[in-house]
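Student: only geometry, no sequence info:
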């Protein structure tokens, strides 16, 4: 009986230890392999670590987006939101023979768009008092905002012809800088 209990306790301890190591590895991966958007940190070609597809017509691809997290609350407690725009280096790539400052600036604007929509979501979250009971509504706001971002990313690439139309690219550069400025109070603190 004592041996069985000891073996069971050791198995439980081993399982807890393995789960802890797995969770820590996941946290290290998620933190080490993302770049959070900040004012002073611009992308550089060393950030594009993903494998270039064998067949593609694109010169580069930026994998970025935004997400939110909350404090743990019950349905009556106040919810605090954290919204972060992130760039994923391991999923972003560039053809080594197609790097240019102009293309890098185009890819930076994709990341800037993610921050703009993260700020829009922060603004939406700031307009109300939220409790745990409102999480479905919060998730719907996030999904709607993310859908808008996806549509805007596509429009951006179409209008600039992936950065090849210099005039359109310059228009977008100005528009995005203006939007970042207009939403500055909702920048990450």
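Tutor: Received the coordinates, thanks. What you see is a predicted model, and the numbers here were worked out from it, not measured in a lab.
Student: below-threshold pLDDT in the protein: ranges please.
Tutor: For the chain, the stretches with pLDDT under 70 are 1-32, 189.
Student: check contacts around the nearest residue to residue 38 once chain neighbours are set aside.
Tutor: For residue 38, ignoring the flanking residues on the chain, the nearest one in space by Cβ to Cβ, 6 or more residues apart in numbering is residue 188 at 7.2 Å. Backbone N, C-alpha and C define where each C-beta goes, glycine included. Residues near residue 188 by Cβ atoms under 8 Å, 6 or more residues apart in numbering: 36, 37, 38, 83, 84, 85, 118.
Student: now, of the residues you listed, which are buried?
Tutor: 37, 83, 84, 85, 118 (16 or more other Cβ atoms under 10 Å).
Student: now, which of those sits nearest residue 75?
Tutor: Nearest to residue 75, judged by Cβ to Cβ, of those is residue 83 at 21.5 Å.
Student: before we move on, what SS does that closest one have?
Tutor: On the three-state scheme (DSSP: H, G, I helix; E, B strand; the rest coil), residue 83 is labelled strand.
Student: and it, what are its bridge partners?
Tutor: residue 68 (DSSP bridges).
Student: and it, how far from residue 134?
Tutor: Residue 83 is 15 Å from residue 134, where distance means Cβ to Cβ, to the nearest Å.
Student: let me know how buried residue 53 is, in neighbour terms.
Tutor: With neighbours defined by other Cβ atoms under 10 Å, the count for residue 53 comes to 11.
Student: for it, give its distance to residue 158.
Tutor: Counting by Cβ to Cβ, the gap from residue 53 to residue 158 is 20 Å.
Student: for residue 144, same thing?
Tutor: For residue 144, the distance to residue 158 equals 21 Å [Cβ to Cβ].
Student: residue 40 too?
Tutor: Going from residue 40 to residue 158 by Cβ to Cβ gives 30 Å.
Student: sticking with residue 66, tell me its helix or strand.
Tutor: Secondary-structure assignment from DSSP states H and E places residue 66 in strand 64-70.
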